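A.B. asks: could you look at this predicted model? Sequence included:
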Amino acid sequence: MKNGFSAAWEHIKHLQSRKLIVDTHAHAWQMGAMKANVVEHERARFSEKPVDFSAQLIADMDRHGISKAVLHMGKPVPISLMTSIIDRYPDRFLGFCKFDMPFPGRETAQQQLRERLDSHPAIKGIGEVTFSRFGKQSYEDVLLDLRSVTEVAKERGVPVLFHTGFGTASPLRYYDPSILDELAMAYPEVTIIIGHAGGIHPPFNDLALMVAFKNDNVYLETSKAMAPILQKGLDEIGADRILFGSDWIRPEALIYGPKSERSAHLYERNLEVIAHLRMTEEDREKVLCKNIERLLGNS
C-alpha cells in the first residue's frame, strides 16, 4: 500500500498532467539580474525598471502542469506591464492590481485601484498589498490605510490579498497578519486572503491561523507556508478556505535572504508542501484549483 505522501504526489501528478492546477499568487517580473543581498535587492525595487519574466513563468507553469496563474503587482510596476503580459497570454494569466508605491495616500490609492480594476476584464482583485508607508506610522494610521483599500474591494465585490510574514522593505511589525482580524471583522462581505499564511516563521504563521479560525471571510494562501501550519488550517477550518500559491518571481532560487526563504517561490517546493498535507483528493483539488476558480467566477 502506498503511503500518504506517495499517494498525494500521484494525485498531484494526475492534476498536473491534465493542467488543472491554478496558482493564486505569482509575479511575472523582477528587478533585473540576481542581487547579491537583501540591501541591493531593496535598492533595485525603486531604482531599476522591472524585467519581464513572463516567458520563463509560462515555461515553468508548463513544466509543472499549472493551467493559470494570478499575477500580483507586489513590486512597483506599471499596470500597463501587467495588462500587456495578460494580453500576450490571455488563457494563462489573470491579475490582481494595487496602488503606486510608496503608498500615495488614501484617496489617491482608492482612485488608482478603481481605475486599474476597470482597466482590463482580467483584473479580478486587489493585491499583493503590503501594510507599510515606509516611515513612522501609528497602528491606527496603518489600519485606516488598509480600510481604505478594503473599502474598494467591498465596493467592487473583489477579493484582496495581503502580504504577511518575512519582509525586508519595512520594519517587521508591518508584516504581522493580526491587523487583518480588524479588517475581516469590519468587512465581513470582503474575501481577505492572507498571503503566505503568515510565512515560514512564528509567531506570524500562528497569528494568521487565529485570524482565519475567527473569520469565515478569511482565506490562507499557501506560498512560503509550512506544512504543519497548513495542516492545522485544514484540520480546523477545512479545505474550502485554503488557496494554492507559489509567489513565483523567477525560475531559479534566490541567493539572498534567509535560507528557508530562498527556494520558497519555486513550484517544486510549493507542490511538495501540498503533498505532505493529509486530505482527501476532493479537498486537494479544492486547494489546488477549485477554490480560487470559485472566488474568481471560474475565469
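C.D. replies: Alright, I've got the coordinates.
A.B. asks: mind checking what secondary structure residue 128 has?
C.D. replies: strand (DSSP: H, G, I helix; E, B strand; the rest coil).
A.B. asks: pLDDT-wise, which helix or strand of the chain ranks last?
C.D. replies: helix 38-47 (a mean of 73; mean pLDDT, DSSP states H and E).
A.B. asks: whichever helix or strand comes after it: how far from the chain's middle?
C.D. replies: Toward the C-terminus, helix 38-47 is succeeded by strand 51-52 as the next helix or strand (DSSP states H and E). How far strand 51-52 lies from its chain's middle: 19 Å, per Cα atoms, centre = their mean, to the nearest Å.
A.B. asks: what are the contacting residues of strand 51-52?
C.D. replies: Contact with strand 51-52 is made by 28-32, 81, 85, as judged by Cβ atoms under 8 Å, 6 or more residues apart in numbering. In short, each C-beta sits where N, CA and C put it, glycine included.
A.B. asks: now stretch 3-14: buried residues?
C.D. replies: 8-9, 11-12 (16 or more other Cβ atoms under 10 Å).
A.B. asks: sorry, slip of the keys, the one I care about is stretch 169-182.
C.D. replies: Those would be 169-170, 174-177, 179-181, for stretch 169-182 by 16+ other Cβ under 10 Å.
A.B. asks: what's the neighbour count on residue 238?
C.D. replies: 12 (other Cβ atoms under 10 Å).
A.B. asks: now for it: which residues touch it?
C.D. replies: Contacts of residue 238 (Cβ under 8 Å, 6+ apart): residue 283.
A.B. asks: pick out the most distant pair among the buried residues of stretch 3-14.
C.D. replies: Spanning the widest gap among the buried residues of stretch 3-14 are 9 and 11, at 7.3 Å by Cβ to Cβ.
A.B. asks: export stretch 40-58 to CSV, keeping only CA atoms.
C.D. replies: C-alpha atoms of stretch 40-58 as CSV (Å, rounded to 0.1, in the frame of the first residue of the first chain):
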residue,chain,number,x,y,z
GLU,A,40,20.9,45.6,-3.0
HIS,A,41,17.6,43.9,-3.8
GLU,A,42,15.6,46.6,-2.0
ARG,A,43,17.5,49.4,-3.7
ALA,A,44,16.7,47.9,-7.0
ARG,A,45,13.0,47.8,-6.3
PHE,A,46,12.8,51.6,-6.8
SER,A,47,15.9,52.3,-8.9
GLU,A,48,15.6,49.7,-11.7
LYS,A,49,12.9,49.1,-14.3
PRO,A,50,11.2,45.7,-13.9
VAL,A,51,12.3,42.9,-16.3
ASP,A,52,9.5,40.9,-18.0
PHE,A,53,9.9,37.2,-16.9
SER,A,54,6.6,36.1,-18.3
ALA,A,55,8.0,33.7,-20.9
GLN,A,56,10.1,32.0,-18.2
LEU,A,57,7.0,31.8,-15.9
ILE,A,58,4.9,30.2,-18.7
